[in-house]
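S.K.: attaching a predicted model along with its sequence, questions to come.
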Amino acid sequence: MKKRESTKKMLPKSRERQVLSLAGLLGIVLFALIIVRRKSIPQDQINLLKELQEQVKTQNVIINQQAEKQQKIEQMPWYRQMYNMNISRPATITTHRPPDLIIAGAKRCGAGPLKMFMDAHPAIKFRYDDGHFFDKGDKKRKKWIYKFMMPMTRARHITAEKTPSYMTDPKVPERIKKEFPKIQILFLLCEPGARAYSDFKYLHRTKLQTKPDHPRHTQIKKFASFNESAAYYMNIIEEAYQTDGLEQLIQSNYRNDSGLEIFTNSLFSVHAARWLKYFPRDQLLFIDGATLFRNPAEEMDKVQDFLNIGRELKTKNFVKDDTSDTFYCIKKRGFVDCTPPNKRRKWNPSEFDHVTETVDTLADFYRRINEQWMGKSLNQMLNTTFTWAES
């Protein structure tokens, strides 16, 4: 509708410009006549000026008649019907546009490589880093600011951004729904126990190094190991779940305790139910992080079909990173793009970390709550076939 309204408004502005041009020309003619009266100019030139003056007046009458005809045309049924049609934006205009797609989570499941793969598709244009527009504070931010945070694209492109923390923030689904009710949202999920450990290691390598005294980290710094942290927060989550206070626990303390954030981020059923409350299922896509790392072409086929774009990214576009046994690179437009070296650390648990038993305990813990939360398994809830989600 915005396109049609702007089109109608352009017509009178165009006439105004014509009238102003003619008025300016008429002024020039009158100025010339004044000069003529003061100076001796041949009669033939005077006649030309007068003739030009009459032509300007005639043209002004024609413009006014055209304006009246245009107003009558706009009232005709066929004209209204034409402008009620869905007229697409001109493909030649390159400008900032609100996003059509958001990768909203989950953290530590491979959203970075997924964005790298999708960015290789000619129809998709991503913001260069995470947006964090909807999960920073409670103060409402201007919608136009978000638009200008996006890359400049054309109408044929899918404008996209990635912020994995959106999935688990209780306030984000409603905020996005209010501003962009038709947007498509993509979630990348993975084994929840290993994900929690990866999140734990990431916190200790980054935020606990740069801001160790932040109040959010007070509780988790009390524990000497991942095993101790997991035991403590599992007890908190279990107690809240048994008293029907799990959602309240997340809403009240999610941003106040980084440890609680780590261990509640893997409650996929709790968070997915929140998104399904605000968005229809066909606007949401849930894909498997484990499959993305093992066979990226398989998951990218699902993404491309979900977005209704051609399957430009095929098996031949993915090549194994020769510096890693885990990551794939993507071939696009004549060069190869790989996961940056600082992102290639092995965040997942190994035998040297001595956390295998705790990770397995967490996996069973999350699986039980995920199944009981909605009365069905995560796969049944999301219509997926994740092997790690099976009992």
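M.R.: Good, I have the coordinates.
S.K.: how about the contacts made by the spatially most central residue of the chain?
M.R.: What sits nearest the mean C-alpha location of the chain, by Cα atoms, centre = their mean, is Ile102, with 3.2 Å. Contacts were defined as Cβ atoms under 8 Å, 6 or more residues apart in numbering; by that measure Ile102 touches Gly131, Ala160, Glu161, Lys162, Thr163, Tyr166, Ile176, Ile183, Gln184, Ile185, Leu186. Where you see a C-beta, it was placed from the backbone N, CA and C, and this is true even at glycine.
S.K.: where's the dip in pLDDT among those residues?
M.R.: pLDDT across those is lowest for Gly131, at 93.
S.K.: distance of that residue from Glu261?
M.R.: Going from Gly131 to Glu261 by Cβ to Cβ, to the nearest Å gives 19 Å.
S.K.: the more surrounded of those two?
M.R.: Between Gly131 and Glu261, counted using other Cβ atoms under 10 Å, the more crowded position is Glu261 (22 against 18).
S.K.: was I right about that one contacting Thr168?
M.R.: Yes - shown here, Glu261 and Thr168 form a contact pair, counting by Cβ atoms under 8 Å, at 7.4 Å.
S.K.: between those two, which contacts overlap?
M.R.: Tyr254.
S.K.: coming back round to it: just the ones of the contacts of Ile102 in helices?
M.R.: Members of the contacts of Ile102 lying in helices (criterion: DSSP state H): Ile176.
S.K.: tell me which helix or strand comes right after the helix or strand hosting the residue nearest to the centre of the chain.
M.R.: For Ile102, the enclosing helix or strand under DSSP states H and E is strand 101-105. Later in the chain than strand 101-105, the nearest helix or strand by DSSP H and E is helix 111-119.
S.K.: need the contact partners of that following helix.
M.R.: With contacts defined as Cβ under 8 Å, 6+ apart, helix 111-119 is touched by 103, 105, 124-126, 160, 162, 164, 186, 188, 287, 292-293, 296, 299-300, 303, 313, 318, 327-328, 330, 332, 337, 339, 343.
S.K.: pLDDT weak spots in this protein?
M.R.: For the chain, residues meeting the criterion pLDDT under 70 lie at 1-41, 60, 78-92, 342, 344-353.
S.K.: so what does the strand or helix carrying Asp44 touch, helix or strand wise?
M.R.: Taking DSSP H and E as the criterion, Asp44 maps to helix 43-74. Contacts defined by 3 or more Cβ pairs under 8 Å, 6 or more residues apart in numbering; DSSP states H and E place helix 43-74 against helix 2-38.
S.K.: now with 10 Å, please.
M.R.: helix 2-38, helix 77-83 (3 or more Cβ pairs under 10 Å, 6 or more residues apart in numbering; DSSP states H and E).
S.K.: tell me how far that helix lies from the chain's centre.
M.R.: Chain-centre distance of helix 43-74: 52 Å, with Cα atoms, centre = their mean, to the nearest Å.
S.K.: do stretch 375-386 as well
M.R.: Distance, stretch centre to chain centre, for stretch 375-386: 25 Å (Cα atoms, centre = their mean).
S.K.: quick one: end-to-end distance for that stretch.
M.R.: End-to-end distance of stretch 375-386 (Cα to Cα, to the nearest Å): 18 Å.
S.K.: give the buried residues for it.
M.R.: Buried positions in stretch 375-386, judged by neighbour count with 16 or more other Cβ atoms under 10 Å: Ser377, Leu378, Asn379, Met381, Leu382, Phe386.
S.K.: with stretch 280-300 instead?
M.R.: If you call a residue buried by 16+ other Cβ under 10 Å, then stretch 280-300 has these buried ones: 284-293, 296-297, 299-300.
S.K.: endpoints of that stretch, how far apart?
M.R.: Taking Cα to Cα, the first and last residues of stretch 280-300 lie 22 Å apart.
S.K.: give me the element Ile287 is part of.
M.R.: Assessed by DSSP H and E, Ile287 sits inside strand 284-288.
S.K.: after that strand, which helix or strand is next? Please name it.
M.R.: Assigned by DSSP H and E, the successor of strand 284-288 is helix 289-294.
S.K.: outside of that next one, which residues touch it?
M.R.: If you take Cβ atoms under 10 Å, 6 or more residues apart in numbering as the criterion, helix 289-294 is touched by 106, 108-111, 113-114, 117, 187-191, 194-195, 288, 297-300, 302-303, 326-328, 348, 385-388.
S.K.: make it 8 Å
M.R.: 109-110, 113-114, 188-191, 298-299, 326-328, 386-388.
S.K.: same question for stretch 205-217.
M.R.: Applying Cβ under 8 Å, 6+ apart, the contact partners of stretch 205-217 are Leu203, Lys221, Arg255, Asn256, Asp257, Ser258, Gly259, Arg345.
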